[in-house]
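Asker: Predicted coordinates and the sequence they were generated for:
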Amino acid sequence: MPEAFSIHGPRPTADYTGGRVAAGCGLQRGREGPVTESLDGPGRSTRAVRVVAVRRAGAVVRPDRIVGEEPMEIRAVGPGGGPSVSVAVTMRTPGHDAELAVGFLVTEGLVRPRDVVRTTIGDPATISQPENEITVHLARDLDPGAISARNFVATASCGICGKASLDQVAVHCDPPAAGPLVTPAMLLGLPAALRSAQALFEETGGIHAAGLFDAAGRLLLLREDVGRHNALDKLVGAAALAADLPLRDRVLLVSGRVSFEIIQKAAVAGIPVVAAISAPTDLAVDAARRLSMTLVGFLRGDGFNIYTGEERVALG
């Protein structure tokens, strides 16, 4: 017979993987409604909700926070002005939207970092949420044919899907530089450093992160988003806007698995070492090997797997 639950029990708090662990006790009731906060910009990164948290010790009604997800259209316009061109619509967590737009255009090979002049949001007179439209102003014209051929359709879970053919998914970039030599101890310290800096994950327990580290394991830049591809695009966009590309001596850590597109975007940004909390796909491993990148997976606890580029890890 199933074990009965009472309304008295632990109040959960977030762990790294998005699960919940028990702490405290008692019945707690929270407000319902779209109460939001944000670390930057429009203030829709998280939202307050009411949940009934059920655990073996009991159940509790309490307030919780969930991560925000909204569509954002990325547009581009050349130096002559005129009508902007719609490039893609992506589902993302609001915040660092200009970086996301710039990073997407750069990592998809549509523009060079030096082509970016500025970004603007949509017209408040015609759009209820103007932050959901970002136009990237360029120093050169963007080829509309290149956009239509790519057939971008983006979701938060899988990144950019439905590209016109597999040939258009191929990585078009040079192999990264030699890069840093990193130690196992340095790599093992990265997940904790990333986790401790994840403000939105601390609130919601349900968001991806991409962190950029130096060879000593110092966290230089962190971006969070409901989509792991978006988190990386935001990070690369920030570097592009700061004129810091390519990122030759840096290490990237992503909080989820590594797909082909994570490797593609990291390679375009010049990042030689990519590590992940979870597993890589076979296409990601093939791409990392072809590009002479170091790919580390299952970086957790006291160990990890090196799939390619072990020469950058000081094992002896």
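Answerer: Noted; the coordinates are in hand.
Asker: which is the next helix or strand following the biggest helix by length in the chain?
Answerer: Looking across the chain with DSSP state H, the single longest helix is helix 228-241. Following the chain from helix 228-241 toward its C-terminal end, the next helix or strand by DSSP states H and E is strand 251-254.
Asker: Now find how far off-centre that following strand is within its chain.
Answerer: The offset between the C-alpha centroid of strand 251-254 and the centroid of the whole chain comes to 11 Å, using CA atoms, centre = their mean, to the nearest Å.
Asker: before we move on, what about stretch 133-143?
Answerer: Its chain's C-alpha centre lies 22 Å from the corresponding centre of stretch 133-143 when counted by CA atoms, centre = their mean.
Asker: Ok, stretch 95-103 next?
Answerer: Between the centre of stretch 95-103 and the centre of its chain there are 11 Å (CA atoms, centre = their mean).
Asker: which residues touch stretch 175-184?
Answerer: By CB atoms under 8 Å, 6 or more residues apart in numbering, the list of residues contacting stretch 175-184 from outside reads 214-215, 246, 248-251, 267, 270-273, 291-294, 304, 312-315. C-beta here means a position set from N, CA and C on the backbone, and glycine is covered the same way.
Asker: who's in contact with P71?
Answerer: 89-92, 132.
Asker: Point out where the stretch 151-300 of the chain drops to low pLDDT.
Answerer: Within the stretch 151-300 of the chain, the stretches falling below the threshold (pLDDT under 70) are 151-172.
Asker: Let me see the ranges of the helices in it.
Answerer: Secondary structure of the stretch 151-300 of the chain by DSSP state H, counting those that start in this stretch: the helices cover 184-188, 190-196, 199-204, 228-241, 260-268, 282-290.
Asker: Among the ones you listed, which comes closest to A101?
Answerer: When the helices of the stretch 151-300 of the chain are compared by CB to CB, helix 228-241 sits nearest A101, at 6.9 Å.
Asker: Packing partners of that closest one?
Answerer: Helix 228-241 is packed against helix 97-107, strand 159-161, strand 208-213, strand 219-225, strand 251-254, helix 260-268, with contacts defined by 3 or more CB pairs under 8 Å, 6 or more residues apart in numbering; DSSP states H and E.
Asker: Next, the angle from the longest one to helix 228-241.
Answerer: This points to helix 97-107. Relative orientation of helix 97-107 with respect to helix 228-241: 90 degrees, computed using axes from the mean of the first three to the mean of the last three CA atoms, to 10 degrees.
Asker: Only C-alpha atoms, please: export helix 97-107 in CSV.
Answerer: C-alpha atoms of helix 97-107 as CSV (Å, rounded to 0.1, in the frame of the first residue of the first chain):
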residue,chain,number,x,y,z
ASP,A,97,19.3,39.8,-24.8
ALA,A,98,21.6,42.0,-26.9
GLU,A,99,24.5,39.6,-26.1
LEU,A,100,22.3,36.6,-27.2
ALA,A,101,21.5,38.3,-30.5
VAL,A,102,25.1,39.2,-31.2
GLY,A,103,26.4,35.8,-30.0
PHE,A,104,23.9,34.0,-32.2
LEU,A,105,24.9,35.9,-35.3
VAL,A,106,28.6,35.3,-34.6
THR,A,107,28.5,31.7,-33.7
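Asker: Just put the contacts of P71 in JSON lines and tack on pLDDT, neighbour count and distance to V61.
Answerer: Converted to JSON lines, the contacts of P71 look like this (pLDDT from 0 to 100; neighbours: other CB atoms under 10 Å; distance: CB to CB, whole Å):
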{"residue": "V89", "pLDDT": "89", "neighbour count": "17", "distance to V61": "37"}
{"residue": "T90", "pLDDT": "88", "neighbour count": "25", "distance to V61": "35"}
{"residue": "M91", "pLDDT": "90", "neighbour count": "16", "distance to V61": "30"}
{"residue": "R92", "pLDDT": "91", "neighbour count": "29", "distance to V61": "31"}
{"residue": "N132", "pLDDT": "92", "neighbour count": "19", "distance to V61": "33"}
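Asker: Nearest to A231 among the residues you listed?
Answerer: Each of the contacts of P71 was scored against A231 by CB to CB, and R92 proved nearest at 9.2 Å.
Asker: Go ahead and confirm that closest one touches M72.
Answerer: Yes: distance between R92 and M72: 5.3 Å, which falls inside the contact criterion (CB atoms under 8 Å).
Asker: Drop anything exposed from the contacts of stretch 175-184.
Answerer: Among those, those buried by neighbour count (16 or more other CB atoms under 10 Å) are 215, 246, 249-251, 267, 270-273, 291-294, 304, 312-313.
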